[in-house]
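Asker: next input, structure requested:
(chains A and B)
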Amino acid sequence: MTSVAIAHPTTRRGIGLVLIAPALAVVGLFFVAPLVMSAVVAFRGRDGGFTLEHFAKAFDFYTTDLLFSLAIVVTSTLLIGAVAIAIAGYLTLGEHPRLVAILRWLYRWPLFIPFVVAGQLMRTFLAKNGMMNHVLVGIGLIEPLQAQSFLDWRGIVIAFVWKQAPFVTLLLAGAMASVERTHIEAARNLGARPLRLLVDIVLPQVRGTLLVGLVLSFVTMLSVLSVPLMINPNSPTMITVDVAYRISTFGDYPVANALCLLTLGLAAIGAVFYLRHAAARAEG
Amino acid sequence: MKLRICALVAGLAFAATVSAQTTLNVITAGDQNMVDYVNNYLAPKFEAANPGVKVRAVGTGPGDAGSQKIYEKLSAQQKAGSNEWDVDVAVIHQLASATMVNENLLMKYRGDIPAGKMVTRDTAKNALGANVDGYVLPMFHSQIVFAYNPDLVKSPPKSFAELNEWVKKNPKQFGYNGVKGGMSGVGFVTGWVSAYSGLADKLENGPYDPASGAAIDKALTGLKEFNQYVVMTPGNAGTLDMLNRGEIAMGPVWVDMFYTWQADGRMSPKIKLVLPSPGLPGQPMYYVIPAKAAHAALAKKFIELAESPEVQADGIVKQFNWYPGIDPQFVQPKLDQAAWNKLFTDVSPADLSKYGRPFPLSPYFKQITEGYERVVLK
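Answerer: Take a look at the predicted model:
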């Protein structure tokens, strides 16, 4: 009798709704509601009416920083892609089992390090008197007077790539491992060099996973406050620093929320890529 | 079984008596040295004098941002209509104190404690132009100065004009932390605007005239050009750090942070200080009691202890190298000559009285910091 009841379409739909209700509630309460409140504060004027003055101020003060944030995150994403493809490619196609094993063990370490700690590490590593310059001077590559501090936009990119590349590599290596060995062997038998194998045979088959990993990294990096705060005292700087400054020093929530909504717009660029891929996956 | 029940009841009774002690909640803005001062120095003294009381100190971070957090906490409790707030003593900056007095978040207590009569400096009544008389007592007075490395800087610039010339001849040797990195950078910027806008007196004493925006922006344009020859540092500590490692030769620092770092061995003892004309700002931080503090009487006793001449001499001046919060003449008898002189070696009392300025009035302060973002950072 129960099986007949469940088979009825309305009951099935009802049960389905009940099952997803908790998840929907969490998303609604902790994401949609704050987003709506944030939008309300960003568009509400001092008298309570609708206004664009906060966005005008945000663009007036922080357009350079918005473009800077986008440039940094795009650059980092591209570099992460390159590093991830290189490492995952070697792990899949590498000829020396020893080296492959060492690399597999080594590349995952930054995964377990929070962004704040990564920021602090880079602060001491990339400073003018930091470890990197000490090593370069020690092995004779540069003169002491030529030592530069990398604590500017380059430091942010280095910190982001170092921290996020292992994550994308992990995803990519998994996807590459599930590529049929026969394809790789066939191409190898026909004389393909390893680079050709990677670019023409393996990579096209793991495109989807690479895209997912890069989009997730893109969105994550847009939200990081600790790294730019600790590494880049110069201007321009990333939008997260400006949001924190607006809130902490002036209590200026409207402009801070306006900046957050603008950042959401930037993140949406990544989301578009992700959704198109996911939709293609669902249909295909 | 009976034995177990007896043991359980005894244990609970013991736990109950232990938790019957009162906790005094002290919340303080400012760098970590502020929290350390309460935890390592004031708390043991107070707890020894008042058995059954535990002092709990929490820090909210440096700069006006830290004070802003305390304001938000008290404001939230006020809006929620709580009868007893969970903060007994707060230590805040001037800007926040003005806001809090305005919104009736603080209790008037200065008349209730003897130390209240030992403070005659203007800072006890005037916080950046707002009247806070009776609600605050200065904990200490701090001062921003230029610290410089005498090996690299043979004759330090004695004024902002001289500094401007000096950085052009010595590019990337001066460093400061902008307006987003901490108050020493903010102080440098307001000092620059005071020097170059011609509005020095008006900025400190008022009245507020929105039309001065043009003069302020003009001064900031000069600062934008100046910034090309300098290095930006990550914060108050960042400037001190880079100075110590020789990455910069000069930069604005807090006097107390500087001397504390020297005492800790984190700063080379050869670094010297200079206070340029027309001046750099300093600020007091204030002890305040929230209007509905749960333990107001204890809070007043705590502040009385903190403002007593002995604690001011031993804690504020000797240990932490701040200028005292109460008038110096009350503190001097409790200090030996060497300790008194140490604070006034590089920067003489005469220099301090001439070139130690307050921060500009709140509306000008906001105009300058926002102007920095608008003019200098674009």
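Asker: next up, the contacts around the residue of chain A found nearest chain B.
Answerer: Ranked by C-beta to the nearest C-beta, the top residue of chain A for proximity to chain B is A:S248, at 3.2 Å. C-betas here are computed from N, CA, C, even on glycine. Taking C-beta atoms under 8 Å, 6 or more residues apart in numbering or on different chains, we find A:S248 in contact with B:G61, B:G63, B:D64, B:A65, B:Q68, B:K69.
Asker: which of the three states applies to it?
Answerer: helix (DSSP: H, G, I helix; E, B strand; the rest coil).
Asker: can you pull the pLDDT of it?
Answerer: Per-residue pLDDT puts A:S248 at 80.
Asker: A:S217 too?
Answerer: For A:S217, the predicted pLDDT is 95.
Asker: one more: A:M230?
Answerer: Looking at A:M230, its pLDDT stands at 88.
Asker: A:Q120 is in contact with that one, correct?
Answerer: Yes: the pair A:M230 / A:Q120 is scored as a contact, 6.4 Å apart, by C-beta atoms under 8 Å.
Asker: tell me which of these two has more neighbours.
Answerer: A:M230 (23 against 17; other C-beta atoms under 10 Å in any protein chain shown).
Asker: what residues are up against the more buried one?
Answerer: A:V116, A:G119, A:Q120, A:M122, A:R123, B:P234.
Asker: make sure I have this right: it is in a strand.
Answerer: No: checked against three-state DSSP, A:M230 lies outside a strand; its state is helix.
Asker: what residue is smack in the middle of chain B?
Answerer: Note on chain B: the residue nearest the mean C-alpha position is B:M285, at 4.7 Å, using C-alpha atoms, centre = their mean.
Asker: tell me who's in contact with it.
Answerer: B:M285 neighbours (C-beta under 8 Å, 6+ apart): B:A29, B:G30, B:M34, B:V91, B:I92, B:H93, B:P138, B:M139, B:F140, B:S142.
Asker: the last one contacts B:W254, doesn't it?
Answerer: Yes: because the distance of 5.6 Å satisfies C-beta under 8 Å, B:S142 is recorded as touching B:W254.
Asker: comparing those two, which residue is more hemmed in?
Answerer: B:W254 (28 against 23).
Asker: thought that one was touching B:G235?
Answerer: No: counting by C-beta under 8 Å, B:W254 sits too far from B:G235 to count as a contact (11.3 Å).
Asker: show me what the mean pLDDT comes to for stretch B:40-51.
Answerer: What stretch B:40-51 shows for mean pLDDT is 93.
Asker: may I have it exported as PDB, CA atoms only?
Answerer: Provided in PDB are the C-alpha atoms of stretch B:40-51 (Å, rounded to 0.1, in the frame of the first residue of the first chain):
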ATOM      1  CA  ASN B  40      50.500  41.300  32.800                       C
ATOM      2  CA  TYR B  41      50.500  44.400  34.900                       C
ATOM      3  CA  LEU B  42      47.100  45.800  36.000                       C
ATOM      4  CA  ALA B  43      45.300  42.600  36.500                       C
ATOM      5  CA  PRO B  44      47.600  41.000  39.100                       C
ATOM      6  CA  LYS B  45      47.700  44.200  41.100                       C
ATOM      7  CA  PHE B  46      43.900  44.600  41.000                       C
ATOM      8  CA  GLU B  47      43.300  41.000  41.800                       C
ATOM      9  CA  ALA B  48      45.700  41.100  44.700                       C
ATOM     10  CA  ALA B  49      43.900  44.100  46.200                       C
ATOM     11  CA  ASN B  50      40.500  42.700  45.500                       C
ATOM     12  CA  PRO B  51      40.300  39.000  46.300                       C
END
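Asker: check which residues of that stretch are buried.
Answerer: Residues of stretch B:40-51 classed as buried: B:Y41, B:L42, B:A43, B:K45, B:F46, B:N50 (neighbour count, 16 or more other C-beta atoms under 10 Å in any protein chain shown).
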